[in-house]
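K.L.:
here is the input, now give the coordinates:
(one chain, ligands or ions: 1)
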Amino acid sequence: MAELLFRDDAYLRSCEATVVAVDERGIRLDRTVFYPLGGGQPGDTGTLKRADGSVIAIADARKGDGLDDVLHVPAPGAALPPVGEKVTAEIDWERRHRLMRMHTCLHLLCAVVPGAVTGGQISDGKARLDFDVPGEALDKAVITDKLNALITADHAVTPRWITDEELAAQPDLVRTMSVKPPTGFGKVRLLDIAGIDLQPCGGTHIRRTSEIGRVEVTKIENKGRQNRRVNLAFAG
Ligand SMILES: [Zn+2]
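P.N.:
This is a model prediction of the structure:
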């Protein structure tokens, strides 16, 4: 179990940590700033800096066996640190920040497009969400304009926690049919964009919508009778 520092501060770029386990799956630390692949958001890349100044390249971060277990996956051929070694864990911030901007934009897209979310994927510079909107025609230009209006309006983006009981009493909060939020741990993390979108989410987000920058809907695809795939990218 690691202390997941990105949960409380998504802007942390690095932290001191101690190696607690190393195996063929990856390196485990007692605390980390690396977000592991999940909820459609890719795992962080970056480095572990060793006491002697040398650097271990981290090619990916994955969830391990428990909710708070993060595997730092070293690049092929990288040296492995012994258990107990102190390292500085640092993420590739430029990439993570782009992922945070795009991830937060998907929350806005949920507010703009009606219908349940049936799938989604974020990658560097672009993202997509699938919606169950039977028979409905979605307009690229209209969605683009609505998104950019919400972005420009500079709404606050706030993570907070609620209890499992509070979530059970508000089933409408769960927009994603494909990924149910993890319950049974007593509390669930919510992402709140005041008055626009509120839903369980464990990902990393920026603080205000203006930080997303201009985006555009690049393509809307029909994926089955009820599925509309909305593809987004940063504009310009
Ligand atoms: Zn989110």
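
K.L.:
enumerate the residues of this structure near the ion.
P.N.:
191, 201, 203 (C-beta under 5 Å from the ion). Just so you know, the C-beta spots here come from the backbone N, C-alpha and C atoms, and that holds for glycine as well.

K.L.:
partners of the first one in the sheet?
P.N.:
Meaning Leu191. Taking DSSP bridges, one finds Pro159, Gln199 as the beta-bridge partners of Leu191.

K.L.:
my read: it touches Arg207, true?
P.N.:
No. Applying C-beta atoms under 8 Å as the test, Leu191 and Arg207 come out as separate, 11.7 Å apart.

K.L.:
which of the residues of the chain next to the ion tops the neighbour count?
P.N.:
Among the residues of the chain next to the ion, Cys201 has the most neighbours (other C-beta atoms under 10 Å), with 25 neighbours.

K.L.:
phi, psi for that one please.
P.N.:
The phi and psi values for Cys201, taken as degrees, to the nearest 10, are phi -160, psi 130.

K.L.:
longest helix of this protein?
P.N.:
helix 93-112 (DSSP state H).

K.L.:
re earlier: identify the contacts common to Leu191 and Arg207.
P.N.:
Val157 (C-beta atoms under 8 Å, 6 or more residues apart in numbering).

K.L.:
circling back to that earlier point, would you mark the buried spots in the longest helix of the chain?
P.N.:
Buried positions in helix 93-112, judged by neighbour count with 16 or more other C-beta atoms under 10 Å: 93, 96-112.

K.L.:
what of stretch 227-236?
P.N.:
227-234.

K.L.:
can you lay out these as TSV showing secondary structure, distance to Thr152 and pLDDT?
P.N.:
Below are the buried residues of stretch 227-236 laid out as TSV (DSSP: H, G, I helix; E, B strand; the rest coil; distance: C-beta to C-beta, whole Å; pLDDT from 0 to 100):
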residue	secondary structure	distance to Thr152	pLDDT
Asn227	strand	30	89
Arg228	strand	25	93
Arg229	strand	25	95
Val230	strand	20	96
Asn231	strand	21	97
Leu232	strand	16	97
Ala233	strand	18	98
Phe234	strand	15	97
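
K.L.:
residue ranges with poor pLDDT in this structure?
P.N.:
Where the chain drops to pLDDT under 70, the residues are 136, 173-185.

K.L.:
going by residue numbers, what spans are helices in it?
P.N.:
Secondary structure of the chain (DSSP H): helices at 5-8, 93-112, 140-152, 164-168.

K.L.:
run a quick neighbour tally on Ala2.
P.N.:
Neighbours of Ala2 under the rule other C-beta under 10 Å: 20.

K.L.:
and if you look at Arg62?
P.N.:
16.

K.L.:
repeat for Gly195
P.N.:
Close neighbours of Gly195, defined as other C-beta under 10 Å, add up to 9.

K.L.:
contacting residues around the residue nearest to it when sequence neighbours are not counted?
P.N.:
Residue nearest to Gly195 in three dimensions, not counting chain neighbours: His155, with 7.6 Å by C-beta to C-beta, 6 or more residues apart in numbering. Contact analysis of His155 by C-beta under 8 Å, 6+ apart lists 193-196, 208-209.

K.L.:
before I go, just wanted to say thanks for your time.
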